[in-house]
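Asks: With the sequence up front, the predicted model follows.
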Amino acid sequence: MAEDAAGIKGFISPPCETVPLTGMCDVKVQLPGKVARGLVFPLGPANLVAVVTDNGMVGCGAFDVAALEKFQYPAARVRPSKGDSIATIDDLLDGIVKDANGPALARGVKVGMTGREALGKL
């Protein structure tokens, strides 16, 4: 499978559209029955990584899912399944949900499932 500079593998199309001046990578992520938007925003030594669906999002540990609950927005955070951090969309999809807010839990997201499984509920 092809892999671009952001470490995103070929199941995502297009591989990456880099937004000028920010270096942010914006990709389409194919999920069962829908396409989501994957975002990788480089922040120096770390990346801010999230996948957003039409009904919520799963992000790396930098996201405050409790704050998003105040807007009734379903959101979950994942921890890496291997390695030290979530740096790519693949890391996020393979990551393990460490917490989710009420709206995400109501849609069936559970602590311990993978990011990919959680996105399937959103």
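Replies: Perfect, I can see it now. Residues are numbered from 1 along each chain as shown.
Asks: What is the strand ranked longest in the chain packed up against?
Replies: Ordering each strand of the chain by length in residues (DSSP state E) puts strand 34-43 first. If you count contacts as 3 or more CB pairs under 8 Å, 6 or more residues apart in numbering; DSSP states H and E, strand 34-43 packs onto strand 25-31, strand 46-53, helix 89-94. C-beta coordinates here come from the backbone N, C-alpha and C atoms, glycine included.
Asks: Give me the buried positions along that strand.
Replies: Ala36, Gly38, Leu39, Val40, Phe41 (16 or more other CB atoms under 10 Å).
Asks: Okay, and the beta partners of the fourth one?
Replies: Yep, that's Val40 we're talking about. For Val40, the beta-bridge partners under DSSP bridges are Cys25, Val49.
Asks: can you tell me which residues contact it?
Replies: Ala6, Ile8, Met24, Cys25, Val27, Asn47, Leu48, Val49, Thr88, Ile89 (CB atoms under 8 Å, 6 or more residues apart in numbering).
Asks: What of the first one?
Replies: In this structure, Ala36 makes contact with Lys28, Val29, Val51, Val52, Thr53, Asp54, Leu119, judged by CB under 8 Å, 6+ apart.
Asks: returning to what we had before: ranking the helices and strands packed on strand 34-43 by burial, who's on top?
Replies: Ranked by mean neighbour count, these are led by helix 89-94 with a mean of 23 (mean count of other CB atoms under 10 Å).
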